[in-house]
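>>> Based on what follows, work out the 3D shape:
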Amino acid sequence: MKKKLMAMAMAGAMMAAMVTAVYAEEPVETKVGLITMDSMDVHWVRLEEAAENKVAELNEAGNKIEMNWYAPETKDNAQQIEKINAAISDGCNYIIIACNDATSANMTLQEAMDQGIKVIYVDSPSSLEGEVTFATDNYAGGVQAGEYLLNALTEAGITEGTIGIVDAQAGVDSCQNRYDGFASVFEETDFELGERQYSEGDNSKAQELANTLIANGAVAIYGTNDGATNGAAAAVADAVNNGQTVYCVGWDKSDTNIAYVEKGSLLAFMAQNPNVMGEKAIEAVVSIENGEDFEGEVVDTGVSTVDASNVADFK
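As a prediction, the model looks like this:
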């Protein structure tokens, strides 16, 4: 009986070992190109740092992953396409990319795919299906921002007026969704959304645009990315110093936006998780190398509303 139990135990242990072997990820050797929208925005810096740290962690575990950051100086479609071509020429097996817009890089990305390069999206995909996408649900986040601002305006007794929009760049899918979600909140109200003003990711230009919107009577400003929000909050701070009351909400965690929330010129910003995007994208490379098929899955990496009540937790 004891021999039978021992034999069964050994068989069970062997089966467990076989199952572990089947599902364990094997060490991989591959080359990855990370292409962001630019090299300036703190959002992309955080994403790149997280990806780099994950690569180091995986390499310590026996993998051989080489990652290069191909970052355009500014948000520019032509520059981003150049970076894709550079990644192809450098022999990258994977391209992890945050696309400037949904279509401009499609032809070049398709060329990469035709050569066997696998494309993983972070933050902003193109309309061309990749292996997997790790991104914020930007529409839901836009709704979140809109509801927060509407509640603040309502509590202040403001029920009508123009809300200025300081956007990043025309055609950016993530910002479009943030605008659409935000706009949906105000559809049945007496508020009017102003024409979208594009700052091209430049803080100074965003501030100039917001100054003009405030001078034209905007009761609130909405910024759709870090640079737009920085500039809008700076303009609101100037307006407050001049005795005006203007409300502002926006997007993206940065030291500047945190400081504006603490000062009160920015009511709240929607904090994404670029670190999660970077980490998950690199993990996906290893999983795909080991045979996993994500089938174009879109993974929501989350968003939080950061205001005076919780800003200390995000420092």
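>>> who does residue 249 bridge with?
Judged by DSSP bridges, the bridge partners of residue 249 are residue 222, residue 268.
>>> give me every residue that touches the most centrally placed residue in the chain.
Of all residues in the chain, the one closest to the mean position by C-alpha atoms, centre = their mean is residue 123, 3.7 Å from it. Taking C-beta atoms under 8 Å, 6 or more residues apart in numbering, we find residue 123 in contact with 43, 47, 98, 134, 135, 136, 174, 272, 274, 277. Just so you know, the C-beta spots here come from the backbone N, C-alpha and C atoms, and that holds for glycine as well.
>>> Serialize those residues to TSV and add fields for neighbour count.
Below are the contacts of residue 123 laid out as TSV (neighbours: other C-beta atoms under 10 Å):
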residue	neighbour count
43	23
47	28
98	28
134	27
135	21
136	26
174	26
272	26
274	28
277	27
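>>> Could you pull out the helices in the stretch 201-315 of the chain for me?
Under the criterion DSSP state H, counting those that start in this stretch, the stretch 201-315 of the chain carries helices at the ranges 203-215, 226-241, 255-263, 274-289.
>>> Now do the first one against helix 226-241, angle only.
Computed by axes from the mean of the first three to the mean of the last three C-alpha atoms, to 10 degrees, the angle separating helix 203-215 from helix 226-241 equals 40 degrees.
>>> picking up where we left off before, tabulate the helices of the stretch 201-315 of the chain (JSON lines), appending distance to residue 183 and mean pLDDT.
Output for these, formatted as JSON lines (distance: least, C-beta to C-beta, whole Å; pLDDT from 0 to 100):
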{"stretch": "helix 203-215", "distance to residue 183": "16", "mean pLDDT": "97"}
{"stretch": "helix 226-241", "distance to residue 183": "15", "mean pLDDT": "96"}
{"stretch": "helix 255-263", "distance to residue 183": "22", "mean pLDDT": "96"}
{"stretch": "helix 274-289", "distance to residue 183": "25", "mean pLDDT": "97"}
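>>> Quickly compare the ones you listed and say which is most buried.
helix 226-241 (a mean of 25; mean count of other C-beta atoms under 10 Å).
>>> other SSEs contacting that helix?
strand 160-167, helix 203-215, strand 220-223, strand 247-251, helix 255-263 (3 or more C-beta pairs under 8 Å, 6 or more residues apart in numbering; DSSP states H and E).
>>> just so I know, which of those lies nearest residue 56?
Among these, helix 255-263 comes nearest to residue 56, with 24.3 Å by C-beta to C-beta.
>>> Remind me what the closest one packs against, helices and strands.
helix 226-241, strand 268-271, strand 304-307.
>>> one step back: between the helices and strands packed on helix 226-241, which gets nearest to residue 35?
Closest among those, using C-beta to C-beta: strand 247-251, at 20.9 Å.
>>> how far away is residue 54 from residue 25?
Residue 54 sits 14 Å away from residue 25, going by C-beta to C-beta, to the nearest Å.
>>> more crowded one of those two?
Under the criterion of other C-beta atoms under 10 Å, the comparison of residue 54 against residue 25 puts residue 54 first, with 21 against 15.
>>> So which bits of the strand or helix carrying that one are buried?
Following DSSP states H and E, one finds residue 54 within helix 42-60. In terms of neighbour count (16 or more other C-beta atoms under 10 Å), helix 42-60 has its buried residues at 42, 43, 44, 45, 46, 47, 48, 50, 51, 54, 55, 58.
>>> Next secondary structure element downstream of that helix?
Heading C-terminal from helix 42-60 (DSSP H and E), you reach strand 64-70.
>>> what's the closest non-adjacent residue to residue 58?
residue 65 (5.9 Å; C-beta to C-beta, 6 or more residues apart in numbering).
>>> give me the number of residues near the one you found?
Residue 65: 21 neighbours (other C-beta under 10 Å).
>>> now swap in residue 155 and tell me
What residue 155 shows, counting by other C-beta under 10 Å, is a neighbour count of 8.
>>> Now do it against residue 217, distance only.
21 Å.
>>> hmm, back to that, and the helix holding residue 54, what does it pack onto?
So helix 42-60, by 3+ C-beta pairs under 8 Å, 6+ apart, packs with strand 29-35, strand 64-70, helix 274-289.
>>> Now do the same contact list for the nearest residue to residue 212 once chain neighbours are set aside.
Closest residue to residue 212 apart from its sequence neighbours, by C-beta to C-beta, 6+ apart: residue 197 at 7.9 Å. Residue 197 is in contact with 164, 165, 166, 167, 209, 212, 213, counting by C-beta under 8 Å, 6+ apart.
>>> Determine which two of those residues are furthest apart.
By the measure C-beta to C-beta, 167 and 212 form the most distant pair in the contacts of residue 197, at 14.0 Å.
>>> for residue 90, what are its contacts?
Residue 90 touches 31, 33, 68, counting by C-beta under 8 Å, 6+ apart.
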